[in-house]
Structures are given as C-alpha cells and as structure tokens.
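1. Could you look at this predicted model? Sequence included:
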Amino acid sequence: MCKANEENERIKRRYLQYLKVAKRKNASTVLKAAEGMLRFEASTNYAIF
C-alpha cells in the first residue's frame, strides 16, 4: 500500500467535517463519502488532489 499524502489527508478531513457539521449528514453518509474518496485515490495511484 502507498503512503498517504499529507495534503490529501488534510483536504479529506476538512471535507468530511464539512459534511458532518455544515451539511448535517448522517455518519453512514460521511463514511460512504470517505470510502468513495479512498477508491478515487487508489484509482489515481494516490496522486495529489
């Protein structure tokens, strides 16, 4: 497995917090969004966003 990119991790964390707090999304929705981002990162070979 590839080492996580720090910049991407910060962006993902801020976006997931935004979904949870500002958009008031359910925890399962936030989890699905995180899974989708992980699949996207894997498909781009963990390139910077």
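-> Received it, and whenever you're ready, just let me know what you need.

2. Do you know the pLDDT at the most centrally placed residue in the chain?
-> Centroid check for the chain by Cα atoms, centre = their mean gives residue 12 as the closest residue, at 3.7 Å. Listed pLDDT for residue 12 reads 97.

3. Which residue, other than its chain neighbours, is closest to it?
-> If the residues on either side of it in the chain are set aside, residue 12 comes closest to residue 37, at 5.5 Å by Cβ to Cβ, 6 or more residues apart in numbering. Yep, even glycine has a C-beta here, placed from its N, CA and C like the rest.

4. which outside residues touch the strand or helix carrying that neighbour?
-> Applying DSSP states H and E as the criterion places residue 37 in helix 27-43. Taking Cβ atoms under 8 Å, 6 or more residues apart in numbering as the criterion, the residues outside helix 27-43 that touch it are 8, 12, 15-16, 19-20, 25, 47.

5. Can you flag which of these belong to helices?
-> 8, 12, 15-16, 19-20 (DSSP state H).

6. Quick one: the residues you listed as a markdown table, columns for distance to residue 43 too.
-> Below are the ones in helices among the contacts of helix 27-43 laid out as a markdown table (distance: Cβ to Cβ, whole Å):
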| residue | distance to residue 43 |
| --- | --- |
| 8 | 13 |
| 12 | 15 |
| 15 | 18 |
| 16 | 19 |
| 19 | 21 |
| 20 | 25 |
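
7. Pull the most distant pair out of those residues.
-> Farthest apart among the ones in helices among the contacts of helix 27-43 by Cβ to Cβ are 8 and 20. That separation is 18.6 Å.

8. Just the buried ones out of the ones in helices among the contacts of helix 27-43, please.
-> Members of the ones in helices among the contacts of helix 27-43 that pass the buried threshold by neighbour count (16 or more other Cβ atoms under 10 Å) are listed as 8, 12, 16, 19.

9. okay, and for this structure, where does confidence drop off?
-> For the chain, applying pLDDT under 70 flags the ranges 1-2.

10. hmm, back to that, which positions in the helix holding residue 37 come out as buried?
-> 30, 33, 37, 41.
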